[in-house]
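S.K.: One predicted model, sequence on top.
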Amino acid sequence: IGALAARLFTLHTAFLAATLISAAGVPLVLWLSVEDTTGKLQRLRSKVVIGKFSLTGFLNGFSSGLIVPFLIPFFVLVYSLPKSTMAVYGFISGGLASVALLAAPALERRLGFVRSIAWTRGIGTALLILMPLIRWLPLSLLIYIVTPSLRIAAIPVQQAALSEMVDRDERGRALAANQVARLGASSAGIALTGLMFDASEIALPFFAYGAVMIANIYLYFRFFSSWEAAGATGPAAGAKQAKEP
């Protein structure tokens, strides 16, 4: 909705509106109830599992930084689409991605954790590699609209698996470590693509994205397929799997 509404604002007023809306959300956090904790920082018992999820999160964030912020400039530069038109397609793409999250339970039942990641992100990766090669606007727009859904559809499945593999009192730190790795790597990816993204090398970020995502999917199989194949659940099972070679 924000992408669509941005068409109604100038550049400066859009930033002002976004700042005010973000600030309005901050007081709502005070209404959240949280479980009381002792506040003691214990030694991580699930550090191997957390390290594996942090590494996959790092690669996922790096690949996201390589390509996601530059998809709209791609259409502006290659197809000369006005920014107001891309706001409409951004609204459609974001809305579809929001709905795609609801598919997570079905993905987990049918495919499981690792294959849900592999299929959704694998198909999305293949489509994004094709985007700078085909140079046909209708198909490029279709790829732009569907790939965010493929990228995030399995995120709830991933978070559920992480929660099962680590001890209950370490889930917050596990999710935080994953996010820190993902966001830090995303910033690095954005900086790198900024150097590559000119008219003569416009396809290079897409190919780099594909290579990183292939490595990421491989690591999911390498790290977590044995845990899933054993039908293991819970922190104890996650710790046992993490110690396996």
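M.R.: Ah, there it is.
S.K.: in this protein, what secondary structure element scores lowest on mean pLDDT?
M.R.: Here the helix or strand of the chain ranked lowest by mean pLDDT, DSSP states H and E is helix 234-243, holding a mean of 44.
S.K.: need the contact list for residue 57.
M.R.: 177-179, 181-182, 185 (CB atoms under 8 Å, 6 or more residues apart in numbering). Where you see a C-beta, it was placed from the backbone N, CA and C, and this is true even at glycine.
S.K.: Name the residues that touch stretch 88-96?
M.R.: Identification of contacts with stretch 88-96 by CB under 8 Å, 6+ apart yields 1, 3-4, 7, 72, 75, 141, 144-146, 148-149.
S.K.: Now list the buried members of those.
M.R.: By the neighbour-count criterion of 16 or more other CB atoms under 10 Å, those include these buried positions: 3-4, 72, 75, 141, 144-146, 148-149.
S.K.: and those as CSV, adding secondary structure?
M.R.: Formatted as CSV, these follow (DSSP: H, G, I helix; E, B strand; the rest coil):
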residue, secondary structure
3, helix
4, helix
72, helix
75, helix
141, helix
144, helix
145, helix
146, helix
148, helix
149, helix
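S.K.: now, which of the contacts of residue 57 sits nearest residue 113?
M.R.: Distance to residue 113, by CB to CB, is smallest for residue 178 among the contacts of residue 57, at 14.4 Å.
S.K.: That closest one: neighbour count?
M.R.: 23 (other CB atoms under 10 Å).
S.K.: where does it land on pLDDT?
M.R.: In the prediction, the pLDDT value recorded for residue 178 is 86.
S.K.: Wait, residue 193 touches residue 67, no?
M.R.: Yes: taking contact to mean CB atoms under 8 Å, the distance of 7.1 Å between residue 193 and residue 67 places them in contact.
S.K.: and for those two, which residues touch both?
M.R.: The contact sets of residue 193 and residue 67 overlap at residue 205 (CB under 8 Å, 6+ apart).
S.K.: Please identify which of these two sits among more neighbours.
M.R.: Here residue 193 and residue 67 are set side by side on neighbour count (other CB under 10 Å), and the busier one is residue 67, at 25 against 21.
S.K.: State the helix or strand in which the more buried one lies.
M.R.: Using DSSP states H and E, residue 67 sits within helix 47-67.
S.K.: Using PDB, write out the CA atom coordinates for that helix.
M.R.: Included here for helix 47-67 are C-alpha records, laid out as PDB according to Å, rounded to 0.1, in the frame of the first residue of the first chain:
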ATOM      1  CA  LYS A  47      25.700 -22.400  19.200                       C
ATOM      2  CA  VAL A  48      26.400 -24.800  16.400                       C
ATOM      3  CA  VAL A  49      22.800 -24.800  15.100                       C
ATOM      4  CA  ILE A  50      22.700 -21.000  15.600                       C
ATOM      5  CA  GLY A  51      26.000 -20.700  13.600                       C
ATOM      6  CA  LYS A  52      24.500 -22.700  10.700                       C
ATOM      7  CA  PHE A  53      21.400 -20.600  10.500                       C
ATOM      8  CA  SER A  54      23.500 -17.400  10.800                       C
ATOM      9  CA  LEU A  55      25.600 -18.600   7.800                       C
ATOM     10  CA  THR A  56      22.600 -19.300   5.700                       C
ATOM     11  CA  GLY A  57      21.100 -16.000   6.800                       C
ATOM     12  CA  PHE A  58      24.300 -14.200   5.800                       C
ATOM     13  CA  LEU A  59      24.100 -15.700   2.300                       C
ATOM     14  CA  ASN A  60      20.400 -15.000   2.000                       C
ATOM     15  CA  GLY A  61      20.900 -11.400   3.100                       C
ATOM     16  CA  PHE A  62      23.900 -10.900   0.800                       C
ATOM     17  CA  SER A  63      21.900 -12.200  -2.200                       C
ATOM     18  CA  SER A  64      19.000  -9.900  -1.300                       C
ATOM     19  CA  GLY A  65      21.200  -6.900  -1.100                       C
ATOM     20  CA  LEU A  66      22.700  -7.700  -4.500                       C
ATOM     21  CA  ILE A  67      19.400  -7.600  -6.300                       C
END
